[in-house]
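Q: Need coordinates for the below:
(one chain, ligands or ions: 1)
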Amino acid sequence: MTSEQIAAVRTSWEQLRPISEQTAFQLYTRLFELHPELQHLFKTDTREQGHKLLAMLDTAVASLEDFDTLSTDIRDLGDRHLAYGVRVEHYALFEDALHWALSHGLGERYTPDVATAWRALFGRLADTMRGHTAYAHGSTPQASAS
Ligand code: HEM
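A: Sure, this is the predicted structure:
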């Protein structure tokens, strides 16, 4: 990510902070509206799930210059997602719901440059999470969160 993109993500993240809980909630609501088949993967209440996502994103946004320090944690997060039943193709659906929620929360402040910066961050997170070879093989996880 460029330093401009890092700044754009940080500024918009601060702008969202007062409404971050609603934004996370809207992300999941949107995801389940468009893709109801994904809802069964989630066992945790949507608000609590939103808190976990926000905490993770908070750490990522704070560590953008130093992303490598997070990569082991993010790879582990990706491994857990495999066990939750998440598949490689689900990432694009999640990303769309994330952008929808960000644009809803930020309104006019969600400029094309801000959107591009968030795409860069998501791409980095998702690429690291999907680094696990089992994603590529679409294998059935052993520790399924049934
Ligand atoms: C950049 C992308 C993503 C991030 C940062 C993220 C973050 C998280 C975090 C922090 C948790 C909490 C549990 C844990 O730490 O293991 C979680 C759980 C979960 N995520 Fe994600 N996630 C992402 C993408 C996705 C995608 C694409 C899906 C597919 C629909 C998904 C589905 C789930 C499910 C099913 C759980 C478990 C919920 C439960 O415990 O009931 N996530 N995610």
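Q: okay, now residue 50: neighbour count?
A: By the measure other C-beta atoms under 10 Å, the count of residues near residue 50 is 21. Every C-beta, even on glycine, is put in place using the N, C-alpha and C of the backbone.
Q: So it sits against residue 25, correct?
A: Yes: in terms of C-beta atoms under 8 Å, residue 50 counts as a neighbour of residue 25; the distance is 5.3 Å.
Q: Please report how far residue 107 lies from residue 16.
A: As judged by C-beta to C-beta, to the nearest Å, residue 107 and residue 16 stand 11 Å apart.
Q: Which one's more surrounded, these two?
A: Between residue 107 and residue 16, residue 16 has the larger neighbour count (other C-beta under 10 Å), namely 20 against 8.
Q: Dump stretch 94-101 to PDB, restricted to CA.
A: Written as PDB, here are the backbone C-alpha positions of stretch 94-101 (Å, rounded to 0.1, in the frame of the first residue of the first chain):
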ATOM      1  CA  PHE A  94     -17.400 -10.500   2.000                       C
ATOM      2  CA  GLU A  95     -15.400  -7.700   0.300                       C
ATOM      3  CA  ASP A  96     -18.500  -6.400  -1.500                       C
ATOM      4  CA  ALA A  97     -20.400  -6.300   1.700                       C
ATOM      5  CA  LEU A  98     -17.500  -4.500   3.400                       C
ATOM      6  CA  HIS A  99     -17.400  -1.800   0.700                       C
ATOM      7  CA  TRP A 100     -21.200  -1.500   0.800                       C
ATOM      8  CA  ALA A 101     -21.000  -0.900   4.600                       C
END
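Q: What residues of that stretch count as buried?
A: Neighbour counts over stretch 94-101 (16 or more other C-beta atoms under 10 Å) mark 94-95, 97-101 as buried.
Q: cool, and stretch 65-75?
A: Within stretch 65-75, the residues that count as buried by 16+ other C-beta under 10 Å are 67, 70, 74.
Q: what about it, start to end distance?
A: End-to-end span of stretch 65-75 (C-alpha to C-alpha, to the nearest Å): 18 Å.
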